[in-house]
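Student: Attaching a predicted model along with its sequence, questions to come.
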Amino acid sequence: MEDALLVLGAGGHAKVVIDTARAQGWSVYAAVDDNPNLWGHPIEGVPVLGSLETAAGWQGWAIIAVGDNRTRYAVSQRYALRWATLIHPTAWLSPSAKIGEGTLVAAGVVVQPEAQIGRHAILNTACSIDHDCVVGDWVHIAPGARLAGGVHVDEGALVGIGAVVLPNIRIGAWSVVGAGAVVTREVPPHAVVVGVPARLIREVADG
């Protein structure tokens, strides 16, 4: 099974991961999930075998198909697997862009020159990452979000659906940018910002 892919997670995001994998030419072996209600019920035609512990000792490739950043972080620390990087054929990546292991690049994504994407990140459907951006580990850039040039998104942050981040802004670690927000200034770590322009509404508990 060394050339097959095991999907860790069997919720809604796993459907996107499975379709992306197949579009890239992967053979998807199975999915696993800690929710027992999902066991035995195929997802996109892929069997759900059991809990995440089923992944222990897996010798093939694997990817974490969980949208929540903290959960994806925890799973990536829990299992030492051979992490696949999935890139949908309709995505466009500059030859000078760098993509980390375990990252998903979904359909319609654009990644411009010298952008750096970390490990176990999600670049979701039709988001745009402009030149010289740095996107950290375990980040989720949601569908349709736009990062202008030189943006830094630190580890674990979420940039919500349709949000816009202006040039050279830093989004702090484990922060949340709400859907449709326009970020015009730095977002501190563990902050939640919403609106146009984005404003702080609360802080996220650490851990």
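Tutor: That came through fine. Residues are numbered from 1 along each chain as shown.
Student: Need phi/psi at the residue nearest the centre of the chain.
Tutor: The centroid of the chain falls nearest to Ile122 when counting by C-alpha atoms, centre = their mean (1.5 Å). Note on Ile122: backbone dihedrals following degrees, to the nearest 10 are phi -120, psi 120.
Student: which residues touch it?
Tutor: His13, Gly67, Arg72, Thr103, Leu104, Ala106, Val139, His140, Ile141 (C-beta atoms under 8 Å, 6 or more residues apart in numbering). (Glycine included, C-beta is placed from N, CA and C.)
Student: Using JSON lines, please lay out these together with secondary structure.
Tutor: Compiled in JSON lines, the contacts of Ile122 are given as follows (DSSP: H, G, I helix; E, B strand; the rest coil):
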{"residue": "His13", "secondary structure": "helix"}
{"residue": "Gly67", "secondary structure": "coil"}
{"residue": "Arg72", "secondary structure": "helix"}
{"residue": "Thr103", "secondary structure": "coil"}
{"residue": "Leu104", "secondary structure": "strand"}
{"residue": "Ala106", "secondary structure": "coil"}
{"residue": "Val139", "secondary structure": "coil"}
{"residue": "His140", "secondary structure": "strand"}
{"residue": "Ile141", "secondary structure": "strand"}
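Student: Between these, which sits nearest Ile201?
Tutor: Comparing the contacts of Ile122 against Ile201 with C-beta to C-beta places His140 closest, at 19.0 Å.
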